[in-house]
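Q: Structure of the sequence below:
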Amino acid sequence: MTLAAALPTLVTPRGIDILGILPEVILGGGFVALLLLDLVTGPAHRGRLAGFSLFAVAASFGSTVWGWFDTATPHTVYFGSFAYDRFGLFVNAIILVSTALVLMISPQYLNRRGLHYGEYYSLILAAATGMMFLAGASSLMVIFLAIELLSIALYILSGFNRSEPRSQEAALKYLLLGGFASGFLLFGMALIYGETGHTQLVQIASALQSAGTSIDPLLMAGIALLFVGLAFKISAAPFHTWTPDVYQGAPTSVTTFMSVTTKVAAFAALIRVFTYTLGETNVYDRWKIMVYFVAIASMVIGNVAALRQTSLKRMLGYSGIAQGGYILIGVVVLNPLGTVAALYYLAAYAVTNIGAFAVITIMAGRGEDMDSYDSLRGLAFRRPYVAAAMGLFLLSLGGFPPTAGFFGKFFVFAAAIHANQVPLALWGIATSAVSVFYYLRVALLMYTRPAVDQPSYDWSRTSLAGGAVLLFTGAGTLILGIFVTLIYTVASAAQHGVLPSGLL
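A: Residues are numbered from 1 along each chain as shown. Predicted coordinates for the structure are as follows:
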């Protein structure tokens, strides 16, 4: 009886707690159901698993939309471990839409490459669930658990093509470097906990505010290590070395998924931790310098390295590093304009980058992924609509009006100027000018007539689902660039309805 009295009392979750993680519960339930359905689904009917996955994503998206109207007053659930707010729901929507687009183009690609196995869809939903938990995490422990959930699934997906050495190499590199990054992340969390005595973000912010002007070096070491772990996930330089190799080696549908969703979820955690937890404390001036130089390094290294590439997947990988540098500007400036600009940029980047990678996925042949520059030569004369869509995505990534990418860059640069960070905006503008060269190089290759002796590539026919994805992403790229206030207004509402700032 004495031992029983000493044990902690188990508390049944409240109904409001379940509602707070309902989108994650639905998607996680879909992941478990897929594991069971795969046992009774024959190889000829695995396309049905893709349909069930889309149903789970649609149900989770519906609960996300319902939650948006239910979170007029943001709050935490599960004793402060998870934030039920519009910021997390906005990021959830981007992740879910991106996941649905990837699931639509996956069956055709997997069939042509001989990789159509049921566990693929289970792993996609598992990774998306971890990303959604990361977007709403308001505790260091939940952040770590969410990162591990999404990372383990992506490690397996990167090496999904078990017969291709390059895919296995990509998985091994991602696993080893990801393990080191997780070690940095966990060690940084341990130091922050040791200095503040808390793991919840709200309590950490309160502890730092009550500490006054005193700053312990161990606290700054913990913050730096925490940033390293998150910077690895957003592919920020100098923690980017895994990105081009993994992007090129992984199956293209997997690259399409991880190039967007991982970055979106990691940026959500980065903004929640650094902007809303550590931003209004005495440590801001210290970590601002670190993020400032990482943003510049990402913009410079990403754009310069992309100039030398001859693989479209590697070029887009380095482009993603540069895009992460631009989004980091919204974190550095520490004002509402910066946060809204970062959220808008994430939405614009998601629709544009998925469209660009979808072109590679749709065009993949039976032998290999057709991502070399030579394979794109003359694409406009054989598949004009696909080439036009790819050209639109490249122009958006380069920041040409009236695309979504132009206004994404415009908003982050304007936020930097408004915060008197003019040098940061100038670095962004200069590196954006450099990016024009490699984006236009690919576009010109597509509209260059192929030579008579050029080999004919086994380009796949565009399926109905593939055409729908290109149509959706192309329309989204233009709509976000023409009707800017549609997403900007929603991003502004997400910025206002965020925790933990609402509790401080």
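Q: can you tell me which residues contact residue 67?
A: 19, 22-23, 84, 89 (C-beta atoms under 8 Å, 6 or more residues apart in numbering). (C-beta placed from N, C-alpha, C; glycine too.)
Q: Now with 10 Å, please.
A: 19-23, 84-86, 88-89, 92-93 (C-beta atoms under 10 Å, 6 or more residues apart in numbering).
Q: PyMOL command for the buried members of these?
A: For the buried members of the contacts of residue 67, the matching PyMOL selection, counting by 16 or more other C-beta atoms under 10 Å, is:
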select buried, resi 19+20+21+22+23+84+85+86+88+89+92+93
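Q: Pick the one among the contacts of residue 67 closest to residue 376.
A: residue 93 (32.1 Å; C-beta to C-beta).
Q: so what's the backbone phi/psi at the closest residue to residue 164 other than its chain neighbours?
A: Residue nearest to residue 164 in three dimensions, not counting chain neighbours: residue 249, with 7.8 Å by C-beta to C-beta, 6 or more residues apart in numbering. Per-residue torsions, residue 249: phi -80, psi -30 (degrees, to the nearest 10).
Q: Give the burial count for residue 249, as a bare number.
A: Look at residue 249: counted by other C-beta atoms under 10 Å, it has 25 neighbours.
Q: these two touch, right, it and residue 166?
A: Yes. With contact defined as C-beta atoms under 10 Å, residue 249 reaches residue 166; the gap is 4.2 Å.
Q: Helices of the stretch 151-300 of the chain, residue ranges please.
A: 165-196, 201-210, 217-233, 242-249, 252-270, 284-306 (DSSP state H, counting those that start in this stretch).
Q: what's the last one packed up against?
A: If contacts are counted by 3 or more C-beta pairs under 10 Å, 6 or more residues apart in numbering; DSSP states H and E, helix 284-306 sits against helix 217-233, helix 242-249, helix 312-332, helix 422-446.
Q: Now do it against helix 312-332, angle only.
A: If you take axes from the mean of the first three to the mean of the last three C-alpha atoms, to 10 degrees, helix 284-306 sits at 160 degrees to helix 312-332.
Q: Check the fourth one too.
A: Relative orientation of helix 242-249 versus helix 312-332 (the same axes, to 10 degrees): 140 degrees.
Q: tell me the average confidence for helix 242-249?
A: Mean per-residue pLDDT for helix 242-249: 90.
Q: what angle do it and helix 165-196 make?
A: Interaxial angle, helix 242-249 versus helix 165-196 (the same axes, to 10 degrees): 150 degrees.
Q: residues of helix 242-249 that come out buried?
A: Buried residues in helix 242-249 (16+ other C-beta under 10 Å): 242-249.
Q: The first one too?
A: Taking 16+ other C-beta under 10 Å as the basis for neighbour counts, the residues of helix 165-196 that come out buried are 167-175, 177-178, 181-182, 184-189, 191-192, 195-196.
Q: Distance from the chain centre to that helix, please.
A: Centroid separation for helix 165-196 versus its chain: 17 Å, with C-alpha atoms, centre = their mean, to the nearest Å.
Q: for stretch 135-155, same thing?
A: For stretch 135-155, the distance to the chain centre is 13 Å (C-alpha atoms, centre = their mean).
Q: Please apply the same query to stretch 90-106.
A: Taking mean C-alpha positions (C-alpha atoms, centre = their mean), stretch 90-106 and its chain are 11 Å apart.
Q: Now find how far off-centre the helix or strand residue 475 falls within is within its chain.
A: If you go by DSSP states H and E, residue 475 is part of helix 464-482. Relative to the chain's own centre, helix 464-482 is displaced by 19 Å; criterion: C-alpha atoms, centre = their mean.
Q: Return the alpha-carbon coordinates of that helix using PDB.
A: Extracted in PDB, the C-alpha atoms of helix 464-482 (Å, rounded to 0.1, in the frame of the first residue of the first chain):
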ATOM      1  CA  LEU A 464      -4.600  12.100 -64.800                       C
ATOM      2  CA  ALA A 465      -3.400  12.500 -61.200                       C
ATOM      3  CA  GLY A 466      -0.100  13.900 -62.300                       C
ATOM      4  CA  GLY A 467      -1.800  16.400 -64.600                       C
ATOM      5  CA  ALA A 468      -4.100  17.400 -61.700                       C
ATOM      6  CA  VAL A 469      -1.000  18.000 -59.400                       C
ATOM      7  CA  LEU A 470       0.700  20.100 -62.100                       C
ATOM      8  CA  LEU A 471      -2.500  22.100 -62.600                       C
ATOM      9  CA  PHE A 472      -3.000  22.600 -58.900                       C
ATOM     10  CA  THR A 473       0.500  23.700 -58.200                       C
ATOM     11  CA  GLY A 474       0.700  25.900 -61.300                       C
ATOM     12  CA  ALA A 475      -2.600  27.600 -60.400                       C
ATOM     13  CA  GLY A 476      -1.400  27.900 -56.800                       C
ATOM     14  CA  THR A 477       1.800  29.600 -57.900                       C
ATOM     15  CA  LEU A 478      -0.100  32.200 -59.800                       C
ATOM     16  CA  ILE A 479      -3.000  32.700 -57.400                       C
ATOM     17  CA  LEU A 480      -0.600  33.300 -54.500                       C
ATOM     18  CA  GLY A 481       1.200  35.800 -56.600                       C
ATOM     19  CA  ILE A 482      -1.800  37.600 -58.000                       C
END
